[in-house]
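# Below are the sequence and a predicted model for it; my questions follow.
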Amino acid sequence: MAAMMPYNKRMAAALACRRQRGGDMAMDLNARYAEYLMGRKADFVRFVDASPMGAAAERYPRAVVFGRALSKGYLRDLMEGRPPERREFANAESAMGRLSKALAAKLAGEGYESVTGIKPAKTPHKTVARLAGLGFIGKNLLLVTEGYGCAVVLGKVLTAAPFEAGNHTPVEQGCGDCRACVDACPTGALTGRAWEIGVSRDDMLIRSRCTICMRCLVRCVHTVRYMGGV
C-alpha cells in the first residue's frame, strides 16, 4: 500500500462539505478524527503503525500524530532579534498538549484504550512523527518537515483504535554538510553530530549550554524556505 498523505486543512474542509451534502453519510474513522483535530487548529494529522515502538505497540498498535505550524511573523521576529508579540511557541505547546489529552479521552469514550504517552522519553513526539514520514531529525534535534521546516509543535496519542495506517517510509536524514543551525547557536550547544539510530541526545547537544533561544529553529534552511526566504 502506498503511504497515506497527511490530512491537512484543505482536506478537512472537503470532508466537512461532503458530510453536509451527504447528510447521514458515515465517515470512516480516520476521516472523522482528522476532522476533529483540524477543527481544533491542528494543521496536519497522520495515523501511524506503532509496531516499530516495541512493547508499547502490543497494547497500543496505532499512533496519531498531529501538529500546528508556527506563524511566519513570529519566526521573523525571532530571526531579527525582536521580542515576539505573543508567546506563540509556549501557547502552541500548551494547546497541542491539551488536544492530545482531549483526543485520548474522546477515543476512550468510544471504547478505544488510549494514552498520550508511555514513559515519554521512549516515545517522543518527533520519533512518532519520523515514523509517520513527516520529516527527519535535524542536527538541532528538532523534527525537520518539508512544508514547515522545524517550525512545528507536535502532539500525539497512542491508541488501540483500528485506524488505517499506511506504510509510511521514515525520511532519510537530510542535513548533509549543512551547519546552519549549529553555527547559529550563540553558546555552542550543538555538537554538529547528525542524528541516526543509536545517537543519543547527549551526543548532539551540550545541555548545560542550551538557553532555548530558538535560533537553531529559525536558522534551519528548511524553516527559512517556509518563511519565504530571508
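Yep, that arrived.

# all contacts plus neighbour counts: C-alpha atoms, from now on.
OK.

# Quick check: longest helix in the protein by residues?
Of all segments of type helix in the chain, defined using DSSP state H, the longest is helix 88-109.

# right, and the helix or strand after it?
Secondary structure here is assigned by DSSP states H and E; on that basis, the next helix or strand after helix 88-109 toward the C-terminus is strand 114-115.

# Give me the helices and strands touching that following strand, please.
Packing partners of strand 114-115 (3 or more Cα pairs under 8 Å, 6 or more residues apart in numbering; DSSP states H and E): helix 88-109, strand 152-159.

# and it, which strands flank it?
Here strand 114-115 is paired, per DSSP bridges, with strand 152-159 (antiparallel).

# Can you list the neighbours in contact with the strand it pairs with?
Strand 152-159 is touched from outside by 50, 59-70, 89, 92-93, 96-97, 99-100, 103-104, 107, 112-117, 125-126, 128, 143, with contacts defined as Cα atoms under 8 Å, 6 or more residues apart in numbering.

# Please pick the buried ones from these.
Restricting the contacts of strand 152-159 to buried positions leaves 50, 60-70, 89, 92-93, 96-97, 99-100, 103-104, 107, 112-117, 125-126, 128, 143, with burial counted as 16 or more other Cα atoms under 10 Å.

# hmm, back to that, can you give me how far the longest helix of the chain is from the chain middle?
The gap between the average C-alpha position of helix 88-109 and the chain average comes to 13 Å, counting by Cα atoms, centre = their mean, to the nearest Å.

# Could you figure out how far that helix is turned away from strand 152-159?
With axes from the mean of the first three to the mean of the last three Cα atoms, to 10 degrees as the basis, helix 88-109 and strand 152-159 are set at 20 degrees to each other.

# CA atoms only: put helix 88-109 into CSV for me.
In CSV, the C-alpha atoms belonging to helix 88-109 read as follows (Å, rounded to 0.1, in the frame of the first residue of the first chain):
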residue,chain,number,x,y,z
GLU,A,88,3.3,31.6,20.4
PHE,A,89,5.6,28.6,20.9
ALA,A,90,4.6,28.1,24.5
ASN,A,91,1.0,28.7,23.7
ALA,A,92,1.1,26.2,20.8
GLU,A,93,2.8,23.6,23.1
SER,A,94,0.1,24.0,25.7
ALA,A,95,-2.7,23.8,23.0
MET,A,96,-1.3,20.6,21.5
GLY,A,97,-0.8,19.1,24.9
ARG,A,98,-4.5,19.8,25.7
LEU,A,99,-5.6,18.5,22.4
SER,A,100,-3.6,15.2,23.0
LYS,A,101,-5.5,14.7,26.2
ALA,A,102,-8.8,15.6,24.7
LEU,A,103,-8.2,13.1,21.8
ALA,A,104,-7.2,10.3,24.2
ALA,A,105,-10.4,10.9,26.2
LYS,A,106,-12.6,11.0,23.1
LEU,A,107,-11.2,7.7,21.9
ALA,A,108,-11.5,6.2,25.3
GLY,A,109,-15.1,7.3,25.4
